[in-house]
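> Sequence and predicted structure below; questions after.
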Amino acid sequence: MHPMVRTSVSAARAAMSAAACAARSSKVVALSATFAVGTVLGLAGPAQAQAPASIRLGFIAAMSGPLSVVGAEQKRGFDLALDHLGGKLGGVPFEVVQGDSKANPTATVQELSRLIDKDRVDILTGLSTSNELVAAIKPISDAKLFFVGMNGGPAVLAGEQCSPWYFNASFQNGQLTAGMGAYMSKAGVKKLYLMGMDYEAGHEHTEAAKKGFTGEVVAHAFTPIPQVDFAADIARIRASGADGVFAFYPGAPGIAFVRQWNQAGLNGKIALFSNIALSEPTVFQAQGKTALGIVVSANYFAAIDNPRNRRFVQDFRAKFGRDPASYAGLAYDSMMLIDAAVREVKGNIRDQAAFRAALRHANFESVRGPFRFNTNQQPIQNTYVTQVDQRPDGSLWLRQVSVSAENAPDEFAAKCSMK
Amino acid sequence: MTGGLVLEQAFNGLQFGMILFLMAVGVTLAFGVMNLINLAHGSMLMLGAYFIAAAATKITAYPLAFVAALMLTAVASVLLEVLVMRPLYRMGHLDQVLATFGVSIAVNEAVIMIWGREAMFVAPPEWLDGTVALTDTISYPLYRLAITGVAALAGLALWLLLARTRLGMRIRAGAENGDIVGALGVNVRLLFIGVFVISSLLAALGGVMLGPLIAVQSGMGDPLLILALAVVVIGGVGSLKGALVASLAVGLLDTFGRMIWPHLMGNIIGNIVANASVYILMALVIAVRPSGLFGNHAA
């Protein structure tokens, strides 16, 4: 060996492990871009005299990292909302400051402090994952800023640690999956294998899937977030004798799981259930026909029939060439919620008590249909069972199978001190 | 735990190990010959997967798309060697780590700009899309067996190249003492390009084969690179034999660990131990043999 090689082996090893750590924690990609959105016509009516001339809205989502697909889809829904709002938020000109949460709690807190302290945003919205939310709500509440959550809802934030500054416009995790247990029993599943990604959402969704299930739970397994090869887990599933699997895998791991599930020949032999994270329009292209027949619970899917959603889906298809995923629908709703609340206080968002009351009213037309806030500021909404189906042209879509619950709250509201 | 399950998991572990080997051998080769720590190696795996996805949309015959993907990777790796890597060979390892980490970020962003952020679809060739019966009750995906086979062939080809050809002799000589080899009239520059391309092709081969199994998207090679670095440390930096032994050990340990630890210690602790097992092994190996299983003892 080269003498230099010999002497530097230990240095190399140190460098390698340091680099490995760096590579894992996050990609240091500065995707955060600041951009202003049309501040045309600054005509403020007399009623808006005390309102700020312009609102700074902070939008933070996982634009890089393992779940950047989620953030990118939220951005599409957000952008379509901007188009529909025509440059004004509740009648007030506004600008958007963007942040990248990277599906990483540490990065989330850093980006939030930049948005809050440096960019001085007035309202915050976004976030993509439950682990980000758990880290984010305290600093946001400390800064006394209102935050409208676009995706995910960990139990602790709906219960003990609920915050008057946090409005969850998406779903409480358990709420999204509740109803699947009963559905799986009805579908004839006797032995259920539960598995999911090893973080808050994975724990909560798989736990919620147990509720109402009357058969035997043969396993409850978790896999690390970056894992994408499930051969060993699929072998365990087969050996367990399960006749049904509930698997929570959003993003890239979900694509891998579904494809490997098919390759292992389990399609049609063991029934596969999940919530909408596993199979939805952002992953349809990559999953292809392997996704056909998967049953997922949902609070939003493109085929929900109401006038507001028809317009949203039509414009989304025109702009992006496919159905919107729930991430886009919920992001769009979040913007419409903020728009309605700003309008209700006539732009005077500095009156925080009035603005909070306006947000609580949720006086907007949701693409989901009925929507209102519970006392813990989590949604009361319908949930559905849907199935991946195929259109005559071969494209995939989510077909409604049944309604799991109508106007259902989450189960943690009683633990929240807000009344 | 039945015999059939153990057999199936052994196949899984072997396949995972062989993919790790394809990654690790490139890392160890680049280090042994050029003294280069290459954190952009995961990008080569990713490029292989993207190239087969892109090629498959244009070329229907899978073998042709396969060759096209590897040729595109070869071109990309030559460009990378000439434009970025060459000046790094004589620099310190910290510079190399920073520069190649930067390359990996740039390549990750480049594929997003070209192909978008959402994962690409790659179909396995139809003639490999079935299952093979291992026992009466357990069938195994043919495609996964093919991966193991192709990776083993690639390893064998590499060994023949290094042990039996003039180029291989020069590569080995270059690893011993590059300056003398240069003084003897061998074109060291060309030799280094050759080694870099071979390293990249092995990683890309892994990516091409993983394409139909996992999500083809930006950054897909990075988690595997981390494991490959662990493999290289366990096997001994610069050692090909070490890379093979450690890859298979890590592949089998990881696969069986996921089954055994939760069984023994319950779900929560078992999962934690299973996730950490590779790194526990790495720590143990470093404690006993600081230069790795087959590393040079003078280190």
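Alright, I've got the coordinates. Numbering: from 1, shown residues only, chains lettered A, B, ... in the order given.
> ranges for the helices of chain B?
B:3-34, B:41-58, B:62-80, B:93-115, B:142-164, B:166-183, B:188-210, B:222-235, B:240-265, B:267-288 (DSSP state H).
> Quickly, which of those helices bottoms out on average pLDDT?
Mean pLDDT across those is lowest at helix B:166-183; the value there is a mean of 83.
> Show me how far that helix is from its chain's centre.
24 Å (Cα atoms, centre = their mean, to the nearest Å).
> now stretch A:377-397
15 Å.
> any chance of the helices of chain B in CSV, with distance to A:E280 too?
Placement of C-beta: from N, CA and C, glycine included. Formatted as CSV, those follow (distance: least, Cβ to Cβ, whole Å):
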stretch, distance to A:E280
helix B:3-34, 28
helix B:41-58, 21
helix B:62-80, 29
helix B:93-115, 20
helix B:142-164, 26
helix B:166-183, 49
helix B:188-210, 23
helix B:222-235, 23
helix B:240-265, 27
helix B:267-288, 27
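> Format the ones you listed as TSV; extra columns: distance to chain A.
Output for the helices of chain B, formatted as TSV (distance: least, Cβ to the nearest Cβ, whole Å):
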stretch	distance to chain A
helix B:3-34	4
helix B:41-58	8
helix B:62-80	16
helix B:93-115	5
helix B:142-164	6
helix B:166-183	6
helix B:188-210	8
helix B:222-235	4
helix B:240-265	5
helix B:267-288	5
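> would JSON lines of those helices with mean neighbour count be doable?
Compiled in JSON lines, the helices of chain B are given as follows (neighbours: other Cβ atoms under 10 Å in any protein chain shown):
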{"stretch": "helix B:3-34", "mean neighbour count": "24"}
{"stretch": "helix B:41-58", "mean neighbour count": "25"}
{"stretch": "helix B:62-80", "mean neighbour count": "18"}
{"stretch": "helix B:93-115", "mean neighbour count": "18"}
{"stretch": "helix B:142-164", "mean neighbour count": "16"}
{"stretch": "helix B:166-183", "mean neighbour count": "16"}
{"stretch": "helix B:188-210", "mean neighbour count": "24"}
{"stretch": "helix B:222-235", "mean neighbour count": "26"}
{"stretch": "helix B:240-265", "mean neighbour count": "21"}
{"stretch": "helix B:267-288", "mean neighbour count": "16"}
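> quick one, which of the ones you listed is nearest to A:G212?
helix B:267-288 (21.6 Å; Cβ to Cβ).
> Quick one: list the elements packing against the closest one.
Applying 3 or more Cβ pairs under 8 Å, 6 or more residues apart in numbering or on different chains; DSSP states H and E, one finds that helix B:267-288 makes contact with strand A:216-223, helix B:222-235, helix B:240-265.
> could you check the angle helix B:267-288 makes with the last one?
Angle of helix B:240-265 versus helix B:267-288, following axes from the mean of the first three to the mean of the last three Cα atoms, to 10 degrees, is 150 degrees.
> Who are the packing partners of helix B:240-265?
helix A:231-240, helix B:3-34, helix B:142-164, helix B:222-235, helix B:267-288.
> and the next helix or strand after the shortest one, how far from the chain's centre?
If you walk from helix A:231-240 toward the C-terminus, the next helix or strand you reach (DSSP states H and E) is strand A:244-248. Taking the mean C-alpha point of strand A:244-248 and that of its whole chain, the gap between them comes to 19 Å (Cα atoms, centre = their mean).
> the domain parsing of chain A - what is it?
A:28-171+A:305-373, A:175-298+A:384-408 (automatic domain parsing).
> Chain B: which of those is closest?
Closest approach to chain B among those (Cβ to the nearest Cβ): domain A:175-298+A:384-408, 3.6 Å.
> Span of the closest one from start to end?
One end of domain A:175-298+A:384-408 to the other measures 8 Å (Cα to Cα, to the nearest Å).
> ok, residues contacting stretch A:250-257?
Residues outside stretch A:250-257 that contact it (Cβ atoms under 8 Å, 6 or more residues apart in numbering or on different chains): A:66-67, A:69-70, A:197, A:201, A:223, A:225, A:227-230, A:247, A:249, A:277-279, A:283, A:286-287, B:119, B:213-215, B:217, B:220.
> and the residues you listed, which of them are in strands?
A:197, A:223, A:247 (DSSP state E).
> What's the nearest residue in the stretch 51-200 of chain B when you look at chain A?
B:A119 (3.9 Å).
> shaky segments in the stretch 201-350 of chain A?
Low-confidence segments of the stretch 201-350 of chain A (pLDDT under 70): none present.
> what about the closest residue to A:R259 other than its chain neighbours, distance to B:L213?
For A:R259, ignoring the flanking residues on the chain, the nearest one in space by Cβ to Cβ, 6 or more residues apart in numbering or on different chains is A:T290 at 5.3 Å. Using Cβ to Cβ, to the nearest Å, one gets 12 Å for the distance from A:T290 to B:L213.
> which one of these two has more residues nearby?
Applying other Cβ atoms under 10 Å in any protein chain shown to A:T290 and B:L213 shows that B:L213 carries more neighbours, namely 24 against 20.
> backbone phi and psi for the more buried one, please?
phi -100, psi -40 (degrees, to the nearest 10).
> ditto for B:T137
Taking degrees, to the nearest 10 as the convention, B:T137 sits at phi -100, psi -20.
> What is the burial count for A:R120?
10.
> How about the contacts made by it?
A:R56.
> Ramachandran coordinates for it?
According to degrees, to the nearest 10, A:R120 has phi 50, psi 50.
> How about the one 5 residues further on?
Dihedral angles of A:T125 (phi, psi; degrees, to the nearest 10) stand at phi -150, psi 160.
> mind checking the SS state of the closest residue to it other than its chain neighbours?
Nearest non-adjacent residue to A:T125, counting by Cβ to Cβ, 6+ apart: A:V148, 4.4 Å away. Secondary structure for A:V148, judged by DSSP: H, G, I helix; E, B strand; the rest coil, is strand.
> okay but A:V148 is in contact with A:R360, surely?
No - using Cβ atoms under 8 Å, A:V148 makes no contact with A:R360, being 11.7 Å away.
> out of these two, which sits in the more crowded spot?
A:V148 (24 against 17).
> so what's the more buried one up against?
With Cβ under 8 Å, 6+ apart, A:V148 has these contacts: A:123-125, A:167, A:169, A:334, A:337-338, A:359.
> what's near enough to touch the residue nearest to A:T177 when sequence neighbours are not counted?
Spatial nearest neighbour of A:T177, chain neighbours left out: A:A208 (3.9 Å); criterion: Cβ to Cβ, 6+ apart. A:A208 is in contact with A:173-178, A:180-181, counting by Cβ under 8 Å, 6+ apart.
> Much appreciated, bye for now.
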